[in-house]
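K.L.:
sequence and predicted structure are below.
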Amino acid sequence: MKVERSSGFILFRREDNKPKFLLLEYSHYYDFPRGNIEKNEDELLAAKRELMEETGIKEIKIYPFFKEVISWFYRKENKIVKKIAIYFLAETEEKEVKLSFEHKGYRWSFYEEAINLLTFENSKKALTKAFNFINSMNL
């Protein structure tokens, strides 16, 4: 079975002293910025590169004690592929997003809106873990 690995960020900025999360709009769903890990690239380096490529955001503060790994299966060319996505948590002060061609739009959303916009259950669980981490650490 083929395995694809990707990494990205659950990225937030503060507004009214609460976290607002960045969600990217793909063709039919919302999700976090992420992309495939290239050869000779570690997970964190890939996440930073993908964030820059997909959003133009460079200035981030990474919270090293948060890492969420999710996986799922999908069919590609009549073969089953296991996809593994590693998410790190980061904060930015940047508001402006320069979207890549891969995305239709973006939204900065408070938790309540973000949880409803996200399409996939494993992404919703990752968001909830990040939100709880932010609150428990008084970030």
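P.N.:
Perfect, thanks for sending it.

K.L.:
now do the contacts for F21.
P.N.:
10-12, 32, 108-111, 114, 127, 130 (C-beta atoms under 8 Å, 6 or more residues apart in numbering). In this view, the C-beta of every residue, glycine as well, is placed from N, C-alpha and C.

K.L.:
need the max-distance pair from those residues.
P.N.:
Comparing every pair within the contacts of F21 by C-beta to C-beta identifies F32 and F110 as the most remote, at 15.3 Å.

K.L.:
tell me which of the two has more neighbours.
P.N.:
The residue with more neighbours, out of F32 and F110 and counting by other C-beta atoms under 10 Å, is F32; that gives 25 against 15.

K.L.:
so in the protein, which strand runs the longest?
P.N.:
When secondary structure is assigned using DSSP state E, the longest strand within the chain turns out to be strand 61-76.

K.L.:
remind me which helix or strand E59 belongs to.
P.N.:
Under the criterion DSSP states H and E, no helix or strand holds E59.

K.L.:
surely it meets E91?
P.N.:
No - E59 sits out of contact with E91 when judged by C-beta atoms under 8 Å, with a separation of 9.7 Å.

K.L.:
these two: who's more crowded?
P.N.:
Counted by other C-beta under 10 Å, E59 and E91 do not tie: E91 has more neighbours, with 17 against 9.

K.L.:
which stretches of this structure form strands?
P.N.:
2-15, 18-25, 30-31, 34-36, 61-76, 79-91, 105-110.

K.L.:
just how off-centre is the longest helix along the chain within its chain?
P.N.:
When the chain is parsed with DSSP state H, its longest helix is helix 121-136. For helix 121-136, the gap between its own C-alpha mean and the chain's C-alpha mean amounts to 11 Å (C-alpha atoms, centre = their mean, to the nearest Å).

K.L.:
show me the contact partners of it.
P.N.:
10, 12, 19, 21, 31-32, 63, 65-66, 68, 70-72, 87, 89, 111, 114-115, 118, 139.
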